[in-house]
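> I'd like to go over a predicted model; first the sequence, then the structure.
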Amino acid sequence: MRVIDAIAEILKIEGVQYLSSFPTTPVIEAAAAAGIKPIICRQERVGVGIADGYSRITNGNPPGVFAMQYGPGAENAYPGVATAFSDGVPMILLPLGHPRNRDRIFPHFSSVESFASVTKYVEQINEPETTVETMRRAFYRLKGGRPGPVMVEIPADMSNMEISEELVASYTPAKKLHSRAVENDVMKAAELLVSSKSPLIYAGQGITYGNATEELSALAELIQVPVTTTMAGKGSIDERHPLSLGSSSGVMNGAVIHYMNKADTILAIGTSLTKHGMVTTIPNEKKIIHATNEPVDIGNYYCPEIVLLGDSKLILQQLKEACDELLTTTPSNRTSPAVEISQIKKEWKNQWMAKLNSSEIPMTPYRVINEFMKVTDPSETIVTHDSGSPRDQIMPFYESGGPGTYIGWGKSHGLGTGLGLNIGAKLASPNKVVVNFMGDAAFGMTGLDFETAVRSGIPILTVVLNNSTMAIETSHMATSHELFQTRNLGGDYADLARSMGGWSERVENPADIAGAFMRAKDATVNGKAALIEFITSEEKEFSFRGGVR
């Protein structure tokens, strides 16, 4: 058996069903022969995004996998890998490497050296006999601790070398290990939560990766505590739940900012608590309980009152048991915040109704988002955003339907990333309507990979909010735009989508928004990749942007 066939067989044993890839790499043929379907992208960054989106929906079980050639293939993949690393996405990367007699000799690009800073673990297969051990190490790194991309480089001269079939047959899937927090620390955390006047749960994507969404809701209901999520954690709780405030990031709704300021104690669980422009900063003078499975997360930006190190699902179970015990002997006199949450959300949304229902032409993106919400079942839909304005416009308003219904991303936020995530999400959850909201600048970065979805029979829906400019850069490019019109963009993206074989529609009248969404959904149900281009205004207002610092 050849080394590449052994790798393909191990991927199959680990449950891998799809290989996102771009030629030339022999892994494509080996995977196809093993029954793993290759998805050939148009450019490597999007290919990595496909594997990334797949992993975010499957929680890495099985993981998305991307394979590429050495040199330009690995080089082009770098920004996609950086995004996955910054957002903590569990995926496998399989770059071909230069032949070993040229490995790491100037000026050849080395994946092992170059990707070390944006992968959780990277290793080169250095002998045929080490293939199984290397892949075992990779999958154990993938499944343990904080999620992140894991890379195995395959030197080109080794790919066709022989390896014992018996050795490959001995491979068993790597196990995901779970650990509980220290009981005394759990009880201290429970006592603080129960005794606090206004506690808040701040949930990250570690909740979804830990399959802990039910436990999160159960704890919140037991102690009647409001829940907000990070951008990446959006969907950790069904945002229609009466205790859900909605997601927080660089923007947020009125309920989030109210309770983030009001809280005296914050249980931050499944989040690294990284300070970043896409993450809501916890205000000063809050007591923080930080629960994470990664010691490196602790103490980077905040000094937590209590630290709980372990698996999010197990920690939430422990906290619920401890709180239940405390409340049995000393009942809480804290009232449910559900009514207040509902009222604050209503008052906040009323302030935006003029934009959400606006009939202006060109239309505001907020009208597009509002009409989309009216014709969408969040439980049966997966939504993602792209960088820039679409992200900041949709995040506060769209109510996700629980785990696996929203992909929030952005610590490393390259324009155009959402398209690959969208394709991967549809592969992972083919029965859901999968929608990406992107701007015209983002489409310019990666839009040709819409053809990848068409060619591969992946019926996604892409929404292009076309305002013919880089509106979010208005304040950054004022002089250059005045002198040289540097923010102007152009293009008919509906025509482009149609020319690539997809279903498409261009919408200029707000009265046509809802109908266009229904027709696009019908097209995806009938197996067509669809794109709607909405001609929008240069909307520059955002909800509480940078409101908590």
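That came in fine, so what should we check first? Numbering: from 1, shown residues only.
> From here on, just use CA atoms for contacts and neighbour counts.
Will do.
> three-state assignment of residue 7?
helix (DSSP: H, G, I helix; E, B strand; the rest coil).
> Could you report the distance from it to residue 18?
14 Å (C-alpha to C-alpha, to the nearest Å).
> Mind checking which of these two has more residues around it?
Using other C-alpha atoms under 10 Å, the more surrounded residue of residue 7 and residue 18 is residue 18, with 26 against 23.
> Quick check: phi and psi at the residue nearest to that one when sequence neighbours are not counted.
In space, and not counting its chain neighbours, residue 18 is closest to residue 37: 4.8 Å by C-alpha to C-alpha, 6 or more residues apart in numbering. As for residue 37, its main-chain torsions (degrees, to the nearest 10) stand at phi -80, psi 120.
> Touching, residue 37 and residue 19? I think so.
Yes: counting by C-alpha atoms under 8 Å, residue 37 sits close enough to residue 19 to count as a contact (6.0 Å).
> number of nearby residues for residue 483?
What residue 483 shows, counting by other C-alpha under 10 Å, is a neighbour count of 8.
> quick one: what helix or strand has it in it?
Residue 483 is located in helix 478-484, with elements delineated by DSSP states H and E.
> Can you give me the neighbour number for residue 228?
Residues within reach of residue 228, counting by other C-alpha under 10 Å, total 28.
> mind checking how far it is from residue 322?
From residue 228 to residue 322 the distance is 22 Å (C-alpha to C-alpha).
> For the residue located most distally from the centre of the chain, give its distance to residue 194.
Going by C-alpha atoms, centre = their mean, the residue of the chain most distant from its centre is residue 329, 41.5 Å out. Distance of residue 329 to residue 194, given as C-alpha to C-alpha: 12 Å.
> Contact partners for residue 348?
253-255 (C-alpha atoms under 8 Å, 6 or more residues apart in numbering).
> for those, which one is nearest residue 139?
Proximity of the contacts of residue 348 to residue 139 (C-alpha to C-alpha) peaks at residue 253, which lies at 39.1 Å.
> Next, give phi and psi for that closest one.
The phi/psi pair for residue 253 (degrees, to the nearest 10) is phi -90, psi 180.
> Quick check: phi and psi at the closest residue to it other than its chain neighbours.
Ranked by C-alpha to C-alpha, 6+ apart and with sequence neighbours excluded, the top spatial neighbour of residue 253 is residue 396, at 5.2 Å. Backbone geometry at residue 396, expressed as degrees, to the nearest 10, gives phi -70, psi -20.
> Report the residue spans of this protein with pLDDT below the cut-off.
Applying pLDDT under 70 to the chain flags the ranges 549.
> that older thread, got the contact list for the helix holding residue 483?
486-487.
> Output that helix as PDB, nothing but the C-alphas.
Extracted in PDB, the C-alpha atoms of helix 478-484 (Å, rounded to 0.1, in the frame of the first residue of the first chain):
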ATOM      1  CA  ALA A 478     -11.900  60.100   2.600                       C
ATOM      2  CA  THR A 479      -9.200  62.100   0.900                       C
ATOM      3  CA  SER A 480      -8.200  59.400  -1.600                       C
ATOM      4  CA  HIS A 481     -11.800  58.900  -2.600                       C
ATOM      5  CA  GLU A 482     -12.400  62.600  -3.000                       C
ATOM      6  CA  LEU A 483      -9.400  62.900  -5.300                       C
ATOM      7  CA  PHE A 484      -9.400  59.500  -7.100                       C
END
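> Residue 257 and residue 341: what is the separation?
For residue 257 relative to residue 341 (C-alpha to C-alpha), the value is 11 Å.
> hmm, I was thinking of residue 326
As judged by C-alpha to C-alpha, residue 326 and residue 341 stand 26 Å apart.
> of the two, who's got more company?
Set residue 326 next to residue 341 and count neighbours by other C-alpha under 10 Å: residue 341 wins out with 20 against 17.
> Mind telling me what element that one is part of?
helix 338-356.
> What residues of that helix count as buried?
Residues of helix 338-356 classed as buried by neighbour count (16 or more other C-alpha atoms under 10 Å): 338, 341-342, 344-345, 349, 355-356.
> Distance to residue 179 added to these, as JSON lines?
As requested, the buried residues of helix 338-356 are exported to JSON lines (distance: C-alpha to C-alpha, whole Å):
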{"residue": "338", "distance to residue 179": "33"}
{"residue": "341", "distance to residue 179": "34"}
{"residue": "342", "distance to residue 179": "36"}
{"residue": "344", "distance to residue 179": "38"}
{"residue": "345", "distance to residue 179": "37"}
{"residue": "349", "distance to residue 179": "41"}
{"residue": "355", "distance to residue 179": "48"}
{"residue": "356", "distance to residue 179": "46"}
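> how about those, which pair is most distant?
Every pair of the buried residues of helix 338-356 checked by C-alpha to C-alpha; the farthest is 338 and 355, at 26.4 Å.
> mind listing what residue 48 touches?
So residue 48 contacts 20-21, 65-66, 77, 80-81, 420 (C-alpha under 8 Å, 6+ apart).
> swap the cut-off to 7 Å and go again
For residue 48, the contacting residues are 66, 77, 80-81, by C-alpha atoms under 7 Å, 6 or more residues apart in numbering.
> What ranges does the stretch 251-400 of the chain have for its strands?
All strands of the stretch 251-400 of the chain, identified by DSSP state E, counting those that start in this stretch, fall at 265-269, 287-292, 306-309, 381-385.
> cool, and the stretch 51-200 of the chain?
Counting by DSSP E, counting those that start in this stretch, the stretch 51-200 of the chain has strands at residues 64-68, 91-97, 121-124, 149-155, 199-203.
> and residue 530, which of these is closest to it?
Among the strands of the stretch 51-200 of the chain, strand 64-68 sits nearest to residue 530 (C-alpha to C-alpha), with 23.4 Å.
> Need the residues that contact the closest one.
Counting by C-alpha under 7 Å, 6+ apart, 19-25, 27, 47-48, 51-52, 54-55, 74, 91-96 sit against strand 64-68.
> now that strand, how far from the centre of its chain.
Here strand 64-68 is found 17 Å from its chain centre; the criterion is C-alpha atoms, centre = their mean, to the nearest Å.
> swap in stretch 175-185?
25 Å.
> Same question for stretch 433-453.
16 Å.
> Send over it as CSV, restricted to the C-alpha atoms.
Extracted in CSV, the C-alpha atoms of stretch 433-453 (Å, rounded to 0.1, in the frame of the first residue of the first chain):
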residue,chain,number,x,y,z
VAL,A,433,-31.1,26.2,3.9
VAL,A,434,-27.6,27.6,4.0
VAL,A,435,-27.2,31.3,3.4
ASN,A,436,-24.2,33.6,3.2
PHE,A,437,-24.5,37.4,3.4
MET,A,438,-21.6,39.2,1.7
GLY,A,439,-20.8,42.6,0.3
ASP,A,440,-19.7,43.4,-3.3
ALA,A,441,-16.1,43.8,-2.2
ALA,A,442,-16.1,40.3,-0.6
PHE,A,443,-17.6,38.9,-3.8
GLY,A,444,-14.8,40.4,-5.7
MET,A,445,-12.3,38.5,-3.6
THR,A,446,-13.8,35.0,-3.9
GLY,A,447,-17.0,35.2,-6.0
LEU,A,448,-15.8,32.8,-8.7
ASP,A,449,-16.0,30.0,-6.2
PHE,A,450,-19.7,30.3,-6.6
GLU,A,451,-19.0,28.1,-9.6
THR,A,452,-17.5,25.5,-7.3
ALA,A,453,-20.9,25.1,-5.6
